[in-house]
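Quick one: sequence plus predicted model below, questions after.
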Amino acid sequence: MYRIAPSILSANFARLGEEVTQVLDSGADIIHFDVMDNHYVPNLTIGPLVCEAIRPLTKAIIDVHLMVEPVDRIIPDFAKAGANIISFHPEASRHIDRTIGLIKEQGCKAGMVFNPATPLSYLDHVLDKLDLILIMSVNPGFGGQAFIPEALNKLRLTRERINASGRDILLEIDGGVKVSNIAEIARAGADTFVAGSAIYSAGKDSDPHRYDSVIAAMRAELAKVT
Ligand SMILES: O=C(CO)[C@@H](O)[C@H](O)COP(=O)(O)O
């Protein structure tokens, strides 16, 4: 099963609530929530208050991607704000196993995120505790960047490790995902697709169905993958 996860980083923040409900009404599965701290990454975005504000709008999964360092202190705040999945970067945690445990103690699913140059060896010893692995196909910090092709190889290697584990772990890709490359990315092993600019740049602000066609086009591409 494939899941499409629009990144609200590229949404119009002046009307964020509508931007969330409109992508879901257009067939998206998950809301991807990018948290940047101007420290771990050179950009500053949104925090638990915004997560709490959008939580009542939907029962869909809110998938929080923490690009913050240090990471542990903010995890309970996002759990209280209604996050379903919380993912972190291993470089931003002093104690990876403890961070995973903290996310789970708070009742959320735990994900770990791999930057383009982060080795998959961080999965050693903790893979069995993860619910999601996020492969970054851009360097984190900004929407609208070009997909880094090496991410395909990393997806293949990660897919092998997930399959070998026999566990149900989502394999998510994030960065430069578009209608034109989503099928190739799925063939490399991803099952969950974060897309920011490709979705949120579609159509006109005034059209409540502006996201229908881009999400349908992504699904049509995914339907071709065998
Ligand atoms: O986490 C990030 C960037 O750090 C991503 O979620 C981007 O927001 C994806 O944007 P596009 O590349 O799809 O425009």
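It's in. Numbering: from 1, shown residues only.

Verify the contact between Ala216 and Ala28 for me.
No - using Cβ atoms under 8 Å, Ala216 is not in contact with Ala28; the gap is 11.0 Å. To be clear about C-beta, it is placed using only N, CA and C from the backbone, and glycine gets the same treatment.

higher neighbour count, those two?
Using other Cβ atoms under 10 Å as the criterion, Ala216 and Ala28 rank with Ala28 on top: 23 against 13.

That one touches Ile215, doesn't it?
Yes - applying Cβ under 8 Å, one finds Ala28 in contact with Ile215, separated by 5.9 Å.

Can you name every helix or strand that the lengthiest helix in the chain contacts?
Among the segments of the chain that qualify as a helix by DSSP state H, the longest is helix 150-165. Applying 3 or more Cβ pairs under 8 Å, 6 or more residues apart in numbering; DSSP states H and E, we find helix 150-165 packed against strand 132-136, strand 170-174, helix 182-187.

What residues of the longest one count as buried?
Neighbour counts using 16 or more other Cβ atoms under 10 Å place Ile182, Ala183, Ile185, Ala186 of helix 182-187 among the buried residues.

Could you find the closest non-adjacent residue to the last one?
Closest residue in space to Ala186, ignoring its immediate chain neighbours: Val225 at 4.5 Å, by Cβ to Cβ, 6 or more residues apart in numbering.

host element of the one you found?
Using DSSP states H and E, Val225 sits in no helix or strand.

Likewise for Met112?
Going by DSSP H and E, Met112 is in strand 109-114.

swap in Asp34?
Going by DSSP H and E, Asp34 is part of strand 30-36.

can you give me the offset of the helix or strand just after that strand from its chain's centre?
Next helix or strand after strand 30-36 toward the C-terminus (DSSP H and E): helix 48-54. Remark: helix 48-54 is offset 17 Å from the chain centroid, using Cα atoms, centre = their mean, to the nearest Å.

which residues touch helix 48-54?
Helix 48-54 has contacts (Cβ atoms under 8 Å, 6 or more residues apart in numbering) with 16-17, 20, 31, 33, 62, 64, 74, 77-78, 80-83.

what do you get for stretch 98-107?
Applying Cβ under 8 Å, 6+ apart, the contact partners of stretch 98-107 are 71-72, 75-76, 79, 86, 88, 93, 109-110, 112, 126, 129-130.
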